[in-house]
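[1] Could you work out the structure for the sequence below:
(chains A and B)
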Amino acid sequence: MEFVKPGTKINFLGIRRSTFILSGLVIGMSIISIILHGGLNYGIDFAGGTLVQVKFSEPIRVETIKNQLASIGLDRSLVQRFGEKRENEYLIRVEKSVSDLGTLSLEIQETLQRAYGKGGVEIRRTEMVGAKVGKDLRNKGIWAIVYALVGILIYITWRFEFIFAVGAITALAHDVMITVGAFSIANKEFTLPIVAAILTIIGYSLNDTIVVYDRIRENRRKMRREPLGRVINSSINETLGRTLLTSLTTLIVVVILFIFGGGVIHDFAFALMVGVLVGTYSSIFVASPIILTWQERK
Amino acid sequence: MSRNLKWKFLLILVATAAAFYYLTPSVVGEMSGFLGKILPQDKIHLGLDLQGGMHLILEVEGQKAVESYVERIKGDLKEDLKRKRIYAPRIERINGDQIHLEILGEKEKFDDYITSDYPILKEISAESQGKYQRIILGVVQKQADYLKRYAVDQALETIRNRVDQFGVAEPDISPQGSDRILIQLPGIKDPQRALRLIGRTALLEFKLVDDEHSLQEALKGNVPEGDIILYQKQEEPGSGRTTKIPFLLKKKTLMTGEVLKNAQVRFDNFNQPYVGLEFDPRGAKLFDRITAKNVKKRLAIILDNNVYSAPVIQERISGGSAQITGRFTENDARDLAIVLRAGALPAPVKILENRSVGPSLGKDLIDKGLKSIIIGGILVVLFMVTYYKISGAIADLALMLNLIFIMGALAGLRATLTLPGIAGIILTIGMAVDANVLIFERIREELRLGKTPRAAIDGGYSKALLTIIDANVTTLIAAVVLFQFGTGPVKGFAVTLSIGIVASLFTALFVSRAIFEVLIVKGMLRRVSI
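    Numbering: from 1, shown residues only, chains lettered A, B, ... in the order given. Purely as a prediction, here's the structure:
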C-alpha cells in the first residue's frame, strides 16, 4: 500500500504565497480571539483558585448545584459538566483560593453532603492553587518553552545551517500560536498539562521538519546544478509519504486518547490533535519554503 | 548466524529479560519464598493523581518567627533596662520586627549596654526630643536570616513528626526553595483532616483570666492595660453552628506547650474524650508554682488563640499534669494529642497549593488510560501490517518490545507513572513507529532503484540513521526541558516521553534490523514484503 506514489511532484513552493497568507490569517485569528477574550483563559494552575470535582449518584442540574453554592456565599462559582453525561460528574471552580487550611473545599463538601446525603455525592478531587504559586508556574511555563526553543535552535544550527534553524523556529512559533489560538477560540482552559502538550508539539513538529531538512541536505549534494527551489520541492515530495504516515499513526492514538482518555486528559489530547495537524502542515508549507524566501531576498 | 548478529540477539535478550525482571512485581504482585528473594519488590510507582492522595505546598511565614522573637527580646530588654536603672518610659514593638524605645538620659550608656548585651540588635534610627531619646532598634540581618531558616527546618521536623504519628505510608516531606515545604501523602483517605493536622500552628499557652476588670467594659473597647480578649469558639456537633464566648485574659503567657512531655486521649466518666497533658520536670515545677500562686483564680488553656477551657484552680497542682476538655469527637481529640506531642510550629504556615485526589478517581483514570493504550495500540498495529505487510509486522513486534521496555524502565528506575505519563506512553506508540516508517520508506526507495533485498535493507537503515537521530534528539531536548520545569504530573510525562524515545531508538535501529537480518541469513527473504 502506498499513499504517495513514487515520482509525485506537487509544486508546494509555487503556492507558498497563498499558504503564507493562510498561515498569517489563522495566526491573526488566534491573536484576535485572545484579545477579544481578554487574554488566555488560565486554569487555576496559572490564575490561582479552587477546583472541586464532584460525582453525584443521580443526575442533577447545574443550576441546582449553583444554588446550593450560592447559599454559602459562593455565588460567583463556575459549574461545568465533566466527562460524559451518564457519569454525573461536575467541576466546580471558585476564583478564591482560601489559604487558611483550605476550608473552602471542605465547606463545599459539607454543603453538598447536607443537601444530597453522604452517599449521594463524592468529592473526587480538590485542587487549590494560591495566586502567588500560579504566577510562579506561569513564568516557569513561559521559560520552559523559551529554553526548549533555544536548545533546538542551537542543535539545528550545529547540525545544519543557521537559516534552517530560523525556518524551524518560525514553524514552531507558528504551531504554538495556532494551538494556543485554538484553545482561546474553543474557550478551553489553559493549564499545566497544556504547557506539556505544547512542548510535545514542539518536539513532534520539529521531528517532521528535521526529516525534510535532512533530505534537503542530502539532495543538495546530489543535485548540485539544480536551483535551491527545485531541491527543496523534490525533498518535500520525497518525504511526503513518511510525513503523512507518521502524522496518521500519531493522530490515531491521539484521537483514541481524546475519545477514551476521560475528562482530565481530554483537553490535553485536544491540544495534541491540533498540534499534530498544524505541525504536519507547517513542516511542509512553512519551515522549508521560508528558507527559499530568505535566500531569494538576499 | 554471524558473530555480530549473535551479539545483537544476546543484547536484545538481556534487555528483554531485564525488563521482565523489573516488571514481575507489578504484574504478579509480591512473591514469597525463593522467587521473592531474587526478584525486585518494587512495583511501578504510581503518582498521586493515579493512586489518590494529597500534594501540598506550604510556605513557612518566617517573618512571623522573627516578629515573635522580637516580642520576646522586647520583654527581656524591658526588665534588663529596669535593672540597669536606665529609665525607659516607653518600649514597644512596631512595624512587625522593630523595637521602639524612649529613654531618659545619656544615650552613650544605653548604646554601650546594647552593644555588649544585645549584639543581635542594631540601631535603625535615633533622635533626641528634649530630655528623651527616641530610638528604633532592629534585628541584624544575619540573625533574621538564621531565624527564618531555623523556622523552616523546625517546621519540617515538626510536620514530619505529626505525619508519622498520623500514620501515612511512604510520605514525602521535603523543603523547596528557601521557605517552602512540599508534602506528598499517597493514598490518604481524609485529606481535610490531614490538612488540619499539618497546617495547625498548635501553639499551646496558659494565661490567667482577668476577673478584676469588667469583660463588658473591655468588649466596648476599653481593654485594660496588659489584657487581651480571646474567644472560645465551639461548633455544635450536628448543626454546624458555632458559638463564640469572649474571655478577658492577662496578656502575659505563664507557660507554653514547650514543657509538654506527653499528650494522650483519655475518656471521662461520660465517655467524653479529652486530652491529658503531662509536663516534663521543668514544666511540672512551673505549673506547681503557677497553681500555688493563683488558687481560686481561673487559668485559661489556649491553643492557637482559641480558648479551650478556663477552669478555676481549686488547689495547688504538683503532679505535673493537666487536661484539655471541650466538645471533641474522638478523632479531634486524637489529632489534638498528635499535634501537642509533635510540638508547635515555630511560625504559622500558609497553604500555597493543595491538590487532593480520591482513590476512586485514580482507578478510573488508570482504567481509561489502559483502555486507550490497548485500543490505540491495536489500531496502529493493524495499520502497520496493512501498509507494510510483513515488514509492518516486524515493526509491530518492535513496538510491543518498546512498550515492555518502557514499563520495565519505569519500574527499574523507580520513576513515577502519572496520568500525563500514560499519555506520554500512548504518544510514544504513535511516534515509535515513525523510526520504522522512515527506514521502510528508504528501503522502498532503494528497492525501486533495483537493489537486492540485502542491499536495500542495508542502504535503508544506514541512510535513515542520521535522520532518526536528529529527529529524536530534538524531541529529547523538549522532554529534558519539560523534566526540569515540571512539577509532579508534568515531570511524569517528561520521564515516559524520554524513556520512550530512547526505547524506540533501540527497537527501531536494533531489534527490527536484527529480525530482518535473520530472515535474510536464513534465506527466507528473497523478496522484501514492504
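[2] If you average pLDDT per helix and strand, which one of the chain comes out bottom?
    Using chain A. helix A:103-116 (a mean of 77; mean pLDDT, DSSP states H and E).
[3] switch to chain B, that's the one I care about
    Every helix and strand of chain B was ranked by mean pLDDT, DSSP H and E. The lowest is helix B:33-38, at a mean of 66.
[4] Need the contact partners of the helix or strand that that helix is followed by.
    Remark: after helix B:33-38, the chain's next helix or strand is strand B:45-46, criterion DSSP states H and E. For strand B:45-46, contacts defined as CB atoms under 8 Å, 6 or more residues apart in numbering or on different chains pick out B:186, B:362, B:366, B:410, B:414-418. C-beta here means a position set from N, CA and C on the backbone, and glycine is covered the same way.
[5] swap in stretch B:98-115?
    Stretch B:98-115 is contacted by residues B:70, B:73-74, B:77, B:81, B:84, B:86-94, B:121, B:123-124, B:126, B:128-129, B:131-138 when judged by CB under 8 Å, 6+ apart.
[6] In CSV: the contacts of strand B:45-46, plus secondary structure.
    Below are those laid out as CSV (DSSP: H, G, I helix; E, B strand; the rest coil):
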residue, secondary structure
B:186, strand
B:362, helix
B:366, helix
B:410, helix
B:414, coil
B:415, coil
B:416, strand
B:417, strand
B:418, coil
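[7] Quickly name whichever of these is closest to residue B:286.
    For those, the residue nearest residue B:286 by CB to CB is residue B:186; the value is 41.5 Å.
[8] For residue A:14, which residues are in contact?
    Residue A:14 makes contact with no residue under the criterion CB under 8 Å, 6+ apart.
[9] so what's it scoring on pLDDT?
    Reported pLDDT at residue A:14 in the predicted model: 86.
[10] swap in residue A:60?
    At residue A:60 the predicted local confidence, pLDDT, stands at 83.
[11] Residue B:152 - how many residues pack around it?
    24 (other CB atoms under 10 Å in any protein chain shown).
[12] Next, the distance between the ends of stretch A:38-48.
    With CA to CA, to the nearest Å applied, stretch A:38-48 spans 17 Å between its terminal residues.
[13] Centre of the chain to that stretch, how far?
    Counting by CA atoms, centre = their mean, to the nearest Å, stretch A:38-48 is centred 15 Å from the centre of its parent chain.
[14] How confident was the prediction at residue B:396?
    For residue B:396, the pLDDT comes out at 91.
[15] Tell me if the helix or strand containing residue B:195 is near chain A.
    Assigned by DSSP H and E, residue B:195 falls within helix B:191-199. Yes: legend: contact between helix B:191-199 and chain A by CB under 8 Å from any CB of the partner chain is shown at B:191-192, B:195-196, B:199.
[16] which among the residues you listed gets closest to residue B:295?
    residue B:196 (36.1 Å).
[17] Surely the closest one is in contact with residue B:335?
    Yes: between residue B:196 and residue B:335 there is a contact under CB atoms under 8 Å: 6.9 Å.
[18] More neighbours: which of these two?
    A direct count of neighbours by other CB under 10 Å for residue B:196 and residue B:335 places residue B:335 higher, at 23 against 17.
[19] Help me confirm that residue A:50 comes into contact with residue A:106.
    No: with contact defined as CB under 8 Å, residue A:50 does not reach residue A:106; the gap is 10.7 Å.
[20] Looking at those two, which has the bigger crowd around it?
    Ranked by neighbour count (other CB under 10 Å), residue A:50 and residue A:106 place residue A:50 first, with 23 against 18.
[21] Which secondary structure state does the nearest residue to residue A:240 once chain neighbours are set aside sit in?
    Using CB to CB, 6 or more residues apart in numbering or on different chains and skipping residues adjacent in sequence, the residue nearest residue A:240 is residue A:4, 4.8 Å away. Assigned with three-state DSSP, residue A:4 falls in the coil class.
[22] Tell me where chain B is predicted with low confidence.
    B:1-2, B:29-38, B:41, B:235-241, B:486-489, B:523-526 (pLDDT under 70).
[23] domain ranges for it?
    Following automatic domain parsing, one finds the domains of chain B at B:3-52+B:358-521, B:63-140, B:200-345.
[24] and among those, the most buried is which?
    domain B:3-52+B:358-521 (a mean of 20; mean count of other CB atoms under 10 Å in any protein chain shown).
[25] And stretch A:197-204, how far out from the chain middle?
    Relative to its chain's centre, stretch A:197-204 lies at 8 Å (CA atoms, centre = their mean).
[26] neighbouring contacts of it?
    Applying CB under 8 Å, 6+ apart, the set of residues contacting stretch A:197-204 is A:144-145, A:148-149, A:152, A:172, A:175-176, A:179-180, A:250, A:268, A:271-272, A:275-276, A:278-279, B:427, B:431, B:474-479, B:481-482, B:493, B:497.
[27] Export the residues of helix B:191-199 next to chain A to CSV and append columns for distance to residue B:113.
    Below are the residues of helix B:191-199 next to chain A laid out as CSV (distance: CB to CB, whole Å):
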residue, distance to residue B:113
B:191, 53
B:192, 52
B:195, 47
B:196, 46
B:199, 41
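[28] Relative to residue B:381, how far out is residue B:397?
    According to CB to CB, to the nearest Å, residue B:397 stands 10 Å off from residue B:381.
[29] Tell me the residues that contact both of the two, please.
    With CB under 8 Å, 6+ apart applied, the contact sets of residue B:397 and residue B:381 do not overlap.
[30] so which helix or strand takes in the closest residue to residue A:87 other than its chain neighbours?
    Spatial nearest neighbour of residue A:87, chain neighbours left out: residue A:55 (7.0 Å); criterion: CB to CB, 6+ apart. Assessed by DSSP H and E, residue A:55 sits inside strand A:49-56.
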